[in-house]
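**Student:** Here's a sequence, model it:
(4 chains)
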There are 2 protein chains.
Amino acid sequence: MASPTRRSALCWKNVPASDDALLVRLRDAGIQPSAQRVAVARYVLDTCDHPSADDVWQRVRRTLPALSRATVYNTLNLLVRQGLLRAHVLAPRRVVFDPNLERHHHFIDDRTGRIHDVPYAAVTVGPVGPLPGLDVRACEVVLRGRASPRAARPRG
Amino acid sequence: MASPTRRSALCWKNVPASDDALLVRLRDAGIQPSAQRVAVARYVLDTCDHPSADDVWQRVRRTLPALSRATVYNTLNLLVRQGLLRAHVLAPRRVVFDPNLERHHHFIDDRTGRIHDVPYAAVTVGPVGPLPGLDVRACEVVLRGRASPRAARPRG
DNA sequence: CCACGAGTCTAGACACTGTCTAAATCTGGA
DNA sequence: TCCAGATTTAGACAGTGTCTAGACTCGTGG
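**Tutor:** Predicted structure coming up:
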């Protein structure tokens, strides 16, 4: 064959040493830390942008051009399944991923679509009155409105 | 031409007289009541099933076989734009339509995916504490859990 | 009665999202 | 070194929602 059509993308050791904490975290969750998974996790577990799966793909491909879409979806679903990530359905055709595992709510800017985290304590929900026949196990609050430009950054 | 490939589907007068109230409602909202729009509205404005756009299409096509998918989407968006219907994004790849215009919340059964309306007063939300930079204009609560089979019917 | 313009509907193309499969590749252990 | 199992890739596939061109209907005016 003339050219290496298949790059050596699989290399589980090819991860910067500074990611030790991330590697431990993945391993503790029972996730084999391949280069692709680490790259995806490194971005998605440390962002406050609430990216969609495609956002993650676009972003991580900058450093891992051979990354396939299927791997991104697989990895995101794996992270969700293992409890390192949460998925929210906040906009049509847009599942959004959120590394914030603490109980919290969301604010969506009507104009920009930007999603901001809202501390759990900032909204008082319930006590839910008696709802006959409904066994409530989770409660999510979505606020909508407009964010002032200054508040456009959920975290510094 | 050999055969009527194009049926006479457009017939704005071809609407049962018993739908007078609906016709008035549509006209008041500035919506020209075509047969297709009336058929869609008649179903979607009087259901508690929280159907998706495709559900609406499947259902209304029973009585209007030539109804196109684009017309359903156009009509649903029109009803939403004119305030006769609400759209909720409660599940991935599934926008759900809700004719209940009163303020209310939703309960989603984890197992069946069924959506139940919850009276606004049954859940105490807020008072939202001071959220600097966020101008909150709407607040939606989504409860998740399990519904007992007996409670599976939001309305009789 | 007929022509015309505005509004509506249909069929299909299109873009996007998420899942699945076969084949190639890599890893760790014997 | 070799092998079994896990992982990744590319592409096919299905579902959802939008858009466009062309056909159709209605009301109005000549």
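**Student:** and A:Leu26, how many neighbours?
**Tutor:** 23 (other CB atoms under 10 Å in any protein chain shown). For every residue, glycine as well, the C-beta is placed using N, CA and C.
**Student:** which element is it on?
**Tutor:** Here A:Leu26, judged by DSSP states H and E, is contained in helix A:20-28.
**Student:** May I see the buried residues of that helix?
**Tutor:** Neighbour-count burial for helix A:20-28, counted by 16 or more other CB atoms under 10 Å in any protein chain shown, picks out A:22-23, A:25-26.
**Student:** same deal with stretch A:63-80?
**Tutor:** Those would be A:67, A:71-72, A:75-76, A:78-79, for stretch A:63-80 by 16+ other CB under 10 Å.
**Student:** So it, near DNA strand C or not?
**Tutor:** Yes. Applying CB under 7 Å from any atom of the strand, one finds stretch A:63-80 touching DNA strand C at A:69-70, A:73, A:77.
**Student:** Quick one: residues contacting A:Arg25.
**Tutor:** When contacts are counted by CB atoms under 8 Å, 6 or more residues apart in numbering or on different chains, A:Arg25 is found next to A:45, A:84.
**Student:** Pretty sure A:Asp135 sits in a strand.
**Tutor:** Yes. With DSSP: H, G, I helix; E, B strand; the rest coil as the criterion, A:Asp135 is part of a strand.
**Student:** May I ask you to confirm that it is in contact with B:His116?
**Tutor:** No. Between A:Asp135 and B:His116 there is no contact under CB atoms under 8 Å: 11.8 Å.
**Student:** Out of those two, name the residue with the larger neighbour count.
**Tutor:** Taking neighbours as other CB under 10 Å, A:Asp135 and B:His116 compare with B:His116 leading, 21 against 15.
**Student:** Might you report the residue contacts of A:Arg37?
**Tutor:** Neighbouring residues of A:Arg37 by CB under 8 Å, 6+ apart: A:26, A:31, A:75, A:78.
**Student:** With A:His50 instead?
**Tutor:** Applying CB under 8 Å, 6+ apart to A:His50 gives the contacts A:88, A:90, A:96-98, A:115.
**Student:** A:Gly145 pairs with what?
**Tutor:** A:Gly145 forms beta bridges with A:Asp109, B:Val136, as assigned by DSSP bridges.
**Student:** Neighbours of it, how many?
**Tutor:** 16.
**Student:** Next, format the residues of stretch A:63-80 next to DNA strand C as TSV and append pLDDT, secondary structure and distance to DNA strand D.
**Tutor:** TSV is the format used below for those (pLDDT from 0 to 100; DSSP: H, G, I helix; E, B strand; the rest coil; distance: CB to the nearest atom of the strand, whole Å):
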residue	pLDDT	secondary structure	distance to DNA strand D
A:Arg69	96	helix	6
A:Ala70	96	helix	4
A:Tyr73	96	helix	8
A:Asn77	95	helix	11
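**Student:** A:Gln58: which of those residues is nearest?
**Tutor:** The closest of these to A:Gln58 turns out to be A:Arg69 (CB to CB; 10.2 Å).
**Student:** got the contact list for the closest one?
**Tutor:** A:Trp57.
**Student:** how about the strands of chain A, start to end?
**Tutor:** Per DSSP state E, chain A carries strands over the ranges A:86-91, A:94-98, A:104-109, A:115-119, A:134-147.
**Student:** I'd like those strands laid out as JSON lines, including mean pLDDT.
**Tutor:** As requested, these are arranged in JSON lines below (pLDDT from 0 to 100):
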{"stretch": "strand A:86-91", "mean pLDDT": "81"}
{"stretch": "strand A:94-98", "mean pLDDT": "81"}
{"stretch": "strand A:104-109", "mean pLDDT": "88"}
{"stretch": "strand A:115-119", "mean pLDDT": "88"}
{"stretch": "strand A:134-147", "mean pLDDT": "86"}
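**Student:** Identify whichever of these lies nearest to A:Asp54.
**Tutor:** strand A:94-98 (8.9 Å).
**Student:** tell me the angle the closest one makes with strand A:86-91.
**Tutor:** Calculated by axes from the mean of the first three to the mean of the last three CA atoms, to 10 degrees, strand A:94-98 forms an angle of 140 degrees with strand A:86-91.
**Student:** Any residue of strand A:94-98 touching chain B?
**Tutor:** Yes. Strand A:94-98 lies within reach of chain B by CB under 8 Å from any CB of the partner chain, at A:Val95.
**Student:** Tell me who's in contact with the residue positioned nearest the centre of chain A.
**Tutor:** Closest residue to the average C-alpha location of chain A: A:Phe97 at 3.0 Å, with CA atoms, centre = their mean. The contact partners of A:Phe97, taken as CB under 8 Å, 6+ apart, are A:44, A:50-53, A:56, A:76, A:79-80, A:85-88.
**Student:** Mind doing that once more with 10 Å?
**Tutor:** Residues in contact with A:Phe97 (CB atoms under 10 Å, 6 or more residues apart in numbering or on different chains) are A:44-45, A:47, A:49-53, A:55-56, A:76, A:79-80, A:85-88.
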